[in-house]
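>>> got a predicted structure plus its sequence, pasted below:
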Amino acid sequence: MTVHRVASVIACTAAAAAVVGAQGSPRPAKGQATFESYSTAVLVDVVVRDGKGRAVTDLTAADFELREDGTSQSIGSFTRVSRGSGIGINVALKEPGAVTSIGTPRPPDDGTPEIEDRHPSVTALVFDSLSPEAVGLCQRAALETLPMTAVPNTRVGVFTTAPVVTPVQIYTEDPTLVRQAVRRITAVGQSLRPDLDQLQALRERREALDRQAQNVLSQTSTAGGGGLSGTSSNIGQVEMERHVAIGQLRMMQAFDVLDREQRGASTTNALFAVLQSMIEMPGRKTVILFSEGLPASPALESNLQAVIESANRANITVYAIDAAGLRAVSGNVETRREIDEAAKERLRQLSSPSDYTDQPIMRLVERTEDLLRLDSQTGLARLAHDTGGFLVSDTNNVRAALRRIDEDTRFHYLLTYVPANTNFDGGFRTIDVKVKRPGVDVFARNGYRALRQPVPLPVLGYEGPALAALDSAKLANGFPFSSTAMSFPEASRPGLSPILVRLKTDVLTYEEHPDEGTYDANATIVARYKDATGHIVHKTSQHYQLSGRLSELEATRKGEILFFREPTLLPGTYTVEVAVMDGRGPRASTRLTTLEVPRTSLNDLRVSSVVLVGKAERVTDAKEISAGNPLYAGDVLLYPSGDDRFSRAVDRQVTVFYTIYPGAGFAAPEVTLELQRNGRSITTAPVTLGPRDAHGRIQQVSRVPLAPLSPGTYELRVHARDAKSTLMRSAFFQVKD
């Protein structure tokens, strides 16, 4: 390694591996970039039906009552909306553009605005991970409903969720393309779910072994101890077979939970993508989900709630078709069997002299609760009901259900109100719409997340308070933390813009529970990127739960949370906003910084951000090295310091890291370092570049000795020049004694 010094101020080295320290590793995660609109006036789509399921179309504003979090709200505007057609039920017989009258009586002439919505309605047909039998049934139901000829003002898209969300047909007004897409839907591969007949056979086998063991014990008692050796052998054989059966049952239950949670995560992620495809579209927006179940387990609860809130924020109504119900097989049968099995297991515990301390009753309670949540209809019912739609289950008559969905699309009421509660703190607020007329059913979204500014979907529940802190008129500064936003124009990802947030855990508020000997705390980190127009183009977050034994609390306070993400952005200038929320405080801190993502070509010279290095870690396990992480230089992981203040007595030098990307066909550029203070150049030094790595990059580390520098603020500039262009990147730092 060659070290060059100029005026004893700047030292340049050719390899990043020269810096080694000890620290945890920031792990990358993918983000999402989406848009939506939002204002402080809340819009609520409402559908009202009578006791026979017919649409009620003659209501006035005086017939409605609307409450938010239980508090009555003043309805602002009230409008009846009608359109010629929705997804096309029997529309081949209608004249193009004609307004369809639904139900009787006609709306009264009371001065209420009634508009014919000329914006195209938008419907997404989403086929979840379906079995072969369910695919055929859902396809037939959809094809019987879809029109044969074009329908004015109607757009339909077709999506599948397996193995990832795929647009089989983008939104189109051509019914032929939609029908062709529906026919192309295929079944998914074999799931991990156990065969129900095999599972029931195992249960019966275990019960038989239980009876056999009891009979052997009874015979031993009757014989008065005679033939004890043979009896013991029989008991041992039965016990061994019984434990094998128990192990197989537990294995199948574990596979069942794993499969349902995997399918639930896949479905919710796919729904996020479908919702994002619709949020910018005007008009009535509808999602029809054909699914065999949407688990609502504790692990997926936040995902499901985020889907519901995302749909509500974008005014999208979701209708769920339970494909399991189409087969006339009740999804509750297996749940009842498992609950019965839990009860039997408890009786075994009470009656058996064996030691069951490793199988407490709480395990059975948790299993039963998990099954109730994982029932095929639980998540689907919540998703539909909370977004103003409904669930179709336990029926083969899907055509009638789709006709109702079409009627909802063609006629509904629009209510708006300005919330009386003007404190937009990011909390969830419930909406309750009622109609004074008796004997009717009201369908409307159940609430919204109280945020002032438009936020990319999804908005997870834990993000609300942190996002509200970012929207506040004043920056919060409840405790210290650091954030570093960077640009690394990699060949495979020219817009790569990593961010690292560092939070010392001693700033958090901890709740101690002496009776239980435990503690807990939690923190939320949210980062969002705004473009030059102020629109949010990307959002990413993480919730952290800290808990343990009280004896471990002091060690926990000495830790650090590292939040690392690698979003990819389009060229432009961005404001990067970061909020950290101390959940137990509750306190918040926010930071703002500016990031430029250059417009570059892979044929041109490119230079990354200049990163002030705090620590570094040599990674000895090759499996731990992330080749896509730009902060890895060989087997060394570099950590941005997060602090631009350096002490001459403690730090002695400033270490910086940057990456040179030579233009295609050009030799390595000339690189020079320049140190400035107050706009005046103090010194310059040429840089001896290291070799290009396997990706064609030149990763470089440079050091600035602090001893010759007096206290103050300095700018370190990196100048790079080749035959075609000249670039400059810089970093500021402060020197103190």
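Arrived safely. Residues are numbered from 1 along each chain as shown.
>>> which helix or strand in this structure has the lowest average pLDDT?
Least confident element among the helices and strands of the chain, by mean pLDDT, DSSP states H and E: strand 4-6 (a mean of 38).
>>> doesn't residue 211 belong to a strand?
No - Residue 211: not assigned to a strand; according to DSSP: H, G, I helix; E, B strand; the rest coil it is helix.
>>> beyond the helix or strand that contains residue 49, next helix or strand please.
Using DSSP states H and E, residue 49 maps to strand 42-50. Sequence order places strand 64-68 as the next helix or strand after strand 42-50, per DSSP H and E.
>>> list the neighbouring strands of that following strand plus their orientation.
strand 71-72 (antiparallel), strand 428-435 (antiparallel) (DSSP bridges).
>>> could you check the angle strand 42-50 makes with that strand?
Calculated by axes from the mean of the first three to the mean of the last three C-alpha atoms, to 10 degrees, strand 64-68 forms an angle of 130 degrees with strand 42-50.
>>> list the buried residues in strand 64-68.
64, 66, 68 (16 or more other C-beta atoms under 10 Å). Every C-beta, even on glycine, is put in place using the N, C-alpha and C of the backbone.
>>> confirm residue 660 sits in a strand?
Yes - looking at residue 660 with three-state DSSP, it is inside a strand.
>>> go through the buried residues of strand 64-68 and name the one nearest residue 151.
Using C-beta to C-beta, residue 64 comes nearest to residue 151 of the buried residues of strand 64-68, at 30.6 Å.
>>> what's the closest one in contact with, if anything?
Residues near residue 64 by C-beta atoms under 8 Å, 6 or more residues apart in numbering: 46, 75, 78, 413, 415, 433, 434, 435, 436.
>>> is the first one in a bridge, and if so with what?
For residue 46, the beta-bridge partners are residue 413 (DSSP bridges).
>>> for it, which residues are in contact?
64, 388, 412, 413, 414, 415, 433, 442, 443, 444 are the contacts of residue 46 under C-beta under 8 Å, 6+ apart.
>>> check the second one too.
Taking C-beta under 8 Å, 6+ apart as the contact definition, residue 75 lies against 61, 64, 66, 415, 416, 417.
>>> what is the end-to-end distance of stretch 586-606?
Start to finish, the residues bounding stretch 586-606 are 43 Å apart (C-alpha to C-alpha, to the nearest Å).
>>> list the buried residues for it?
587, 588, 589, 590, 591, 595, 597, 598, 600, 604, 605, 606.
>>> the strands in the stretch 501-650 of the chain, which residues?
With DSSP state E, counting those that start in this stretch, the ranges of strands along the stretch 501-650 of the chain come out as 511-513, 518-530, 536-549, 560-565, 572-582, 587-597, 606-607, 611-618, 632-633, 636-640, 645-647.
>>> what does the stretch 51-200 of the chain give?
64-68, 71-72, 75-82, 114-116, 121-127, 154-160, 166-172.
>>> neighbouring strands - and their directions - for the third one?
Sheet neighbours of strand 75-82, with direction, are listed as strand 114-116 (parallel), strand 411-417 (antiparallel) (DSSP bridges).
>>> tell me the most buried of the ones you listed?
strand 411-417 (a mean of 21; mean count of other C-beta atoms under 10 Å).
>>> only C-alpha atoms, please: export it in CSV.
Output in CSV follows, covering the C-alpha atoms of strand 411-417 (Å, rounded to 0.1, in the frame of the first residue of the first chain):
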residue,chain,number,x,y,z
PHE,A,411,-74.1,3.8,-8.1
HIS,A,412,-72.9,5.1,-4.7
TYR,A,413,-72.9,8.2,-2.5
LEU,A,414,-69.9,10.5,-1.9
LEU,A,415,-69.6,12.2,1.5
THR,A,416,-66.9,14.5,2.5
TYR,A,417,-66.1,16.1,5.8
